[in-house]
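Colleague: Based on what follows, work out the 3D shape:
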Amino acid sequence: MSETDTTPGMAPVDELKFGVALEELETIVAALESGALDLEDSLSRYERGVVLLKALQTRLGEAQQKVTVLLGELESDAEEPEDGGEA
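Modeller: As a prediction, the model looks like this:
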């Protein structure tokens, strides 16, 4: 199963915006917790939820790496002495 796997009638996970994917995952969790689904539907939704969760974790990790890089750039800029033009 990959992030491009699709459930019939559902958009590929890698095409969903983060917030949309998170909302779909929350809906799946609520449906599974309700206990009102039959076995086949429960398994299908669980599989979709696993794909969504992995994709969301990957995106969060990538975002964290970007923030770390940006913070590193800010820190290195702050550590460079300013050239006051005095000799």
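
Colleague: Any regions of this structure where pLDDT drops low?
Modeller: Across the chain, the ranges flagged by pLDDT under 70 are 1-7, 81-87.

Colleague: Name the residue closest to the centre of it, please.
Modeller: L56 (2.2 Å; CA atoms, centre = their mean).

Colleague: thought it was touching F18?
Modeller: Yes - counting by CB atoms under 8 Å, L56 touches F18, with 6.8 Å between them. C-beta coordinates here come from the backbone N, C-alpha and C atoms, glycine included.

Colleague: what's near enough to touch the residue nearest to the centre of the chain?
Modeller: Going by CB atoms under 8 Å, 6 or more residues apart in numbering, L56 touches F18, A21, L22, L25.

Colleague: which residues sit against stretch 18-31?
Modeller: Identification of contacts with stretch 18-31 by CB under 8 Å, 6+ apart yields 10, 13, 16, 37, 45-46, 48-49, 52-53, 55-56, 59.

Colleague: please redo it, this time with the cut-off set to 10 Å
Modeller: Residues outside stretch 18-31 that contact it (CB atoms under 10 Å, 6 or more residues apart in numbering) are 3, 10-11, 13-17, 37, 41-42, 44-53, 55-56, 59-60, 63.

Colleague: Pull the CA coordinates from stretch 33-51 and hand them back as PDB.
Modeller: Output of stretch 33-51 as PDB, limited to C-alpha atoms (Å, rounded to 0.1, in the frame of the first residue of the first chain):
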ATOM      1  CA  GLU A  33     -15.100   3.800  17.100                       C
ATOM      2  CA  SER A  34     -18.900   3.900  16.600                       C
ATOM      3  CA  GLY A  35     -18.900   0.100  16.000                       C
ATOM      4  CA  ALA A  36     -21.700   0.600  13.500                       C
ATOM      5  CA  LEU A  37     -19.700  -0.600  10.500                       C
ATOM      6  CA  ASP A  38     -19.700  -4.200   9.100                       C
ATOM      7  CA  LEU A  39     -16.500  -6.100   9.000                       C
ATOM      8  CA  GLU A  40     -15.700  -5.400   5.300                       C
ATOM      9  CA  ASP A  41     -16.300  -1.700   5.600                       C
ATOM     10  CA  SER A  42     -14.300  -1.500   8.800                       C
ATOM     11  CA  LEU A  43     -11.300  -3.200   7.200                       C
ATOM     12  CA  SER A  44     -11.600  -0.900   4.100                       C
ATOM     13  CA  ARG A  45     -11.700   2.200   6.200                       C
ATOM     14  CA  TYR A  46      -8.900   1.000   8.500                       C
ATOM     15  CA  GLU A  47      -6.700   0.400   5.500                       C
ATOM     16  CA  ARG A  48      -7.500   3.900   4.200                       C
ATOM     17  CA  GLY A  49      -6.800   5.300   7.700                       C
ATOM     18  CA  VAL A  50      -3.300   3.700   7.800                       C
ATOM     19  CA  VAL A  51      -2.400   5.200   4.400                       C
END
